[in-house]
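S.K.: What shape does this take:
(2 chains)
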Protein chains: 2
Amino acid sequence: MAPSDRAVVVVGASAAGLRCACRLARLQPGWQVGVVEASPVFSYAACGLPYVLSGEISDPVALRQTHYQAVRDARFFAEQKGVTVLAGWRATEIRLAEGLLKVQSPEGERQLRWDELVLATGARARRLPGQPEHPRVRAFHRWDDLEPLLQGLRKGEIGRVAVVGAGLVGCELAEAFGALWGAEVTLVEAGSAPLPEMLDAEVGACVARHLETSGVELRVDSPVRRLEASDGGVTLLLDKGKITTDIVVVAVGVEPEVELARSVGARIGPTGAIAVDERLATSIPHVWAAGDCVEVRDVVTGTPIFRPLGSLANRQGRTLANILAGRGDAFPSVAGAVAVKVFDVNVAATGCTETRAQARGVAGRSVWVTADDRAHYWPESERIHLKLVYERGSQRVLGVQAVGKGEVVKRIDVATQLLARGATLGELAHVEHAYAPPYAPAVDVLSVAACVAQNQEDGVEAAVPTTPLKHVVDVRLPDERQNRPAGAAWVEELSVAELREARQVRTAPRGLVVCERGTRSAEAARLFLDRGGARYLGGGLQWREAALSGDAPSPPGQSAKTDGATQDSATRVRD
Amino acid sequence: MAPSDRAVVVVGASAAGLRCACRLARLQPGWQVGVVEASPVFSYAACGLPYVLSGEISDPVALRQTHYQAVRDARFFAEQKGVTVLAGWRATEIRLAEGLLKVQSPEGERQLRWDELVLATGARARRLPGQPEHPRVRAFHRWDDLEPLLQGLRKGEIGRVAVVGAGLVGCELAEAFGALWGAEVTLVEAGSAPLPEMLDAEVGACVARHLETSGVELRVDSPVRRLEASDGGVTLLLDKGKITTDIVVVAVGVEPEVELARSVGARIGPTGAIAVDERLATSIPHVWAAGDCVEVRDVVTGTPIFRPLGSLANRQGRTLANILAGRGDAFPSVAGAVAVKVFDVNVAATGCTETRAQARGVAGRSVWVTADDRAHYWPESERIHLKLVYERGSQRVLGVQAVGKGEVVKRIDVATQLLARGATLGELAHVEHAYAPPYAPAVDVLSVAACVAQNQEDGVEAAVPTTPLKHVVDVRLPDERQNRPAGAAWVEELSVAELREARQVRTAPRGLVVCERGTRSAEAARLFLDRGGARYLGGGLQWREAALSGDAPSPPGQSAKTDGATQDSATRVRD
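M.R.: Alright, predicted model coming up:
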């Protein structure tokens, strides 16, 4: 049991700090619970800021309100929650021995007594090396970052924007600047595709193409070498060329605020965030930490990772309140589920990418699936492209990434539960879902992906959807073949039935077997398992179309669409 | 390893039978795999039939097509899948000793040799006791059931319809008849609310109210005593009154087709369906069964249940193919996840209802939550009403039911994964989800529900949302109180801050504490945990509003809305 009287001071009035303080005040009404917050405005939904910029949310105050329209200010927390928030006071020094926290504001300095100290100091926007201090170079992370941009847009001073970093916020901003204001947006990314921490390149390619068709100029493989700001504009110097715009928003992620923790010798983990155990205790007794300033444990690799997500921060806040109140609770490892809307495409992922698995020395293998999110005959069904990464040998599921106009987030949430419990392909193949035509197909995409992976373990090997096409064997129906595989040098057209017959007399097709979604081509490839094997295009031509721009040129002089009447016989080959 | 040459005969060409046959043909290309099917039309998506009736799907052929528009007929299965389907042939006799199956068609009789026999005989529409054979009394289960109804609607012969049974199909039909055709629909249900096998009454009440506001006349607690059909119309005799319509569709569920299985002495389980083990083996060697004719094991109670769902049938088909081909596979227990669209409300559930748990002797306890499906400030966010049932003591999650315009199916799919793994409230409270404002709130409704249940275990006890209101303590803000709790005899208005102060001097409120969604009222109730305790209204007034018709009369002479200016003081009481 927890003692009946105790003073708890929380530093930081965002998700983790406030949820911790409010629950603690409920669980231990006799305790003194206070929160110190440097900003006058706090407890706002930071994840909603891009949507104020885009105009989807018309009044930023909505981000500070409860569902019953109360503004979450210091009075709200005092009256509704019984929690004192000292807003506008900055914590400057922890005196461990005396159990004191020094805080400062324009009003002066105070000392707060604590028995337990909670660091919920959050994270701040990362800056580029040598990033100049200039009103044309901005971050987009805090409440205060919003208004200057809105002002500039309203006054028509921002016609061209460069966003540096195609991460979650960068992608949201690329949409936001264009949607309401019609600004010309260039999105600059050092990696080879958008969302490089979340998606492997061939999945990111689908996001890239969607950004481009939505009017965003995307520059990948483009680290910013220098950034020059003047009263007339900003210039970004890249390896190839430069970009001049009215304003630059640097959205290259956040870094944890660890100075207070460091000042008392609390251990900082390998990610640069505060190291805590599953009780959210730092290495210093009676000093705890939660939210965007701490690192968490990756459920797949077991290693510490930095995942500054509002959902985790919130949950950590409650967990820590339970722990401080003497209840058994612990913050579990995380799969790192994440989602982002990019224009009208949904993007979500959980667990490890193949790239990250490889970097950690985990032998990952992948399959790709294109499927409908609902029964395919349901008029509103939309497409999903989903990549499943699993471990060779153990067949443990390592990660899932999905992109499409279809409902991808549901699948990622379900996969997260399986990942978190170490599920194998067999368990994923048996995933149960609530089926009805308006919501899902009878066999859902996660189960399909697991089956495809099991087939791959049998030897039915998938090729990466964006793999260059040379010789392909097209097993689609004649009607479908009018839409020819772009970029393929040599197309052999054979039905599955023909391949089945041919199976007795011929060796495996030399080309990559293709169809619309990868299902039929995988079935065709299986026919040749005992005859040398055949590979098929994972995710099918539909994935390819979503990821690659359509005008990829065919090599000159070979099977172009212009062959006209002679094309069919010219490209229809048997051996 | 499986032998290299074997004859497998599958009886029934629907989801389970065909998926089994097709996969087996791929895994064992040397085997002879044949399917016998009594109907000439098969492999159609039966779950889509109501949406052809509603006009949402314009051409029924869509239900028989693949995503690449190939019609799944016998030729398709022969050419694309290498599987022979004998359509129009009825299996009449199994000769166990000889390994033969007798089949019959207008063309005559044949005998098929088998080494392994798969019964995928499906289910048929249940009939009412004494149900007359008459063209005005119809089922809605098979392909052939569709056309006569469409004809009647097109010719204008069906202006009034009674649907008997407010189960999944009954609710879909209630919408279908009205949506495109404007028919007057009466939905007749023997239970006390719609979807009685899926939902407890206070959740079903939300569906009932939505059906009524959508123009359906709903008659609950109305078992059909007799059904009289004549050339002029049909009359349903109920306990209270009778209904006369142009046509009656009986949608009281399905029953498994077990005659063939029974004829060879295969064990029939307590549900009336074929008993199979997790390898889908019947009690007769070399006779297997899958799909709507078998019973499955309930993951919550461990008992056999009958769950004729296309998703399970499909998965069983693949599982059985794996097993027959000598691979290790097993069909796991099921949570029974299910979803149905009722007009523009989404309804889904998984695991046990409280009613069913009680019937099985499991001590269930419940909480109710009203929440937004996305960040509450997201303009397209919609409401969800969710009930969580858990086991007293062990705190194991037993079931979840949800209804609302919001995305409920995602939550049910996630809960299914937790249920299937025996998760407790603690694990559900820590459920990880992909958070972004367009998809989910930072704390998702499942986690909220688990927290609410943990609070209930602390003593913060929820009342059923549809509980009759007498004395209530309204802790909402003054603005919100204009919408007064309907039906309450005595309303005390006190803010949470006032209650917090009063806590020192007063005992617990005698009334039920209420607010919009149950969050604030639960917090207020907790203030009095050590002073006798207070109960709050689970799911809040918003659940009540969704479930009960607004014109529930207040008892005469007490705090009605007409009290006008004196109302506030009259109902504002302190003690």
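S.K.: low-confidence ranges in the stretch 151-300 of chain A?
M.R.: For the stretch 151-300 of chain A, not a single residue meets the criterion pLDDT under 70.
S.K.: ok, the closest residue to chain B within it to A:G272 distance?
M.R.: At 7.8 Å from chain B, A:L168 is the closest residue in the stretch 151-300 of chain A, using Cβ to the nearest Cβ. Using the backbone N, CA and C atoms, a C-beta is placed for each residue, glycine as well. For A:L168, the distance to A:G272 (Cβ to Cβ, to the nearest Å) stands at 19 Å.
S.K.: Looking at the two, which has the bigger crowd around it?
M.R.: Set side by side, A:L168 and A:G272 show more neighbours around A:L168, with 23 against 11, by other Cβ atoms under 10 Å in any protein chain shown.
S.K.: List, one by one, the residues from the stretch 101-250 of chain A near chain B.
M.R.: With Cβ under 8 Å from any Cβ of the partner chain as the criterion, the stretch 101-250 of chain A meets chain B at residues A:L168.
S.K.: quick one, helices of the stretch 101-250 of chain A?
M.R.: Using DSSP state H, counting those that start in this stretch, the helices of the stretch 101-250 of chain A run over residues A:143-154, A:168-181, A:201-213.
S.K.: From the chain's centroid, how far away is the second one?
M.R.: In other words, helix A:168-181. What separates the centre of helix A:168-181 from the centre of its chain is 16 Å, taken as Cα atoms, centre = their mean, to the nearest Å.
S.K.: Kindly report the same for the last one.
M.R.: Taking Cα atoms, centre = their mean, the mean C-alpha location of helix A:201-213 is offset from the chain mean by 14 Å.
S.K.: Show me what that helix is packed up against.
M.R.: Here helix A:201-213 touches helix A:168-181, strand A:217-219, strand A:338-342, strand A:345-351, strand A:383-391, strand A:397-404, helix A:540-547, going by 3 or more Cβ pairs under 8 Å, 6 or more residues apart in numbering or on different chains; DSSP states H and E.
S.K.: In a markdown table, list those along with distance to B:L53.
M.R.: Putting those into a markdown table (distance: least, Cβ to Cβ, whole Å) gives the following:
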| stretch | distance to B:L53 |
| --- | --- |
| helix A:168-181 | 40 |
| strand A:217-219 | 46 |
| strand A:338-342 | 35 |
| strand A:345-351 | 31 |
| strand A:383-391 | 27 |
| strand A:397-404 | 30 |
| helix A:540-547 | 31 |
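S.K.: Of these, which is nearest A:A453?
M.R.: Closest to A:A453 of the helices and strands packed on helix A:201-213, according to Cβ to Cβ: strand A:383-391, at 5.6 Å.
S.K.: What residues sit buried inside that closest one?
M.R.: A:R383, A:I384, A:H385, A:L386, A:K387, A:L388, A:V389, A:Y390, A:E391 (16 or more other Cβ atoms under 10 Å in any protein chain shown).
S.K.: ditto for stretch A:482-489
M.R.: For stretch A:482-489, by 16+ other Cβ under 10 Å, it's A:R484, A:P485, A:A486, A:G487, A:A488, A:A489.
S.K.: wait, does that stretch make contact with chain B?
M.R.: No: figure legend: stretch A:482-489 not in contact with chain B (Cβ under 8 Å from any Cβ); closest approach 11.4 Å.
S.K.: And stretch A:504-520, by the same measure?
M.R.: Yes: Stretch A:504-520 comes into contact with chain B (Cβ under 8 Å from any Cβ), by way of A:C515, A:E516, A:R517, A:R520.
S.K.: for stretch A:293-308, same thing?
M.R.: No: using Cβ under 8 Å from any Cβ, stretch A:293-308 stays clear of chain B, coming no nearer than 8.7 Å.
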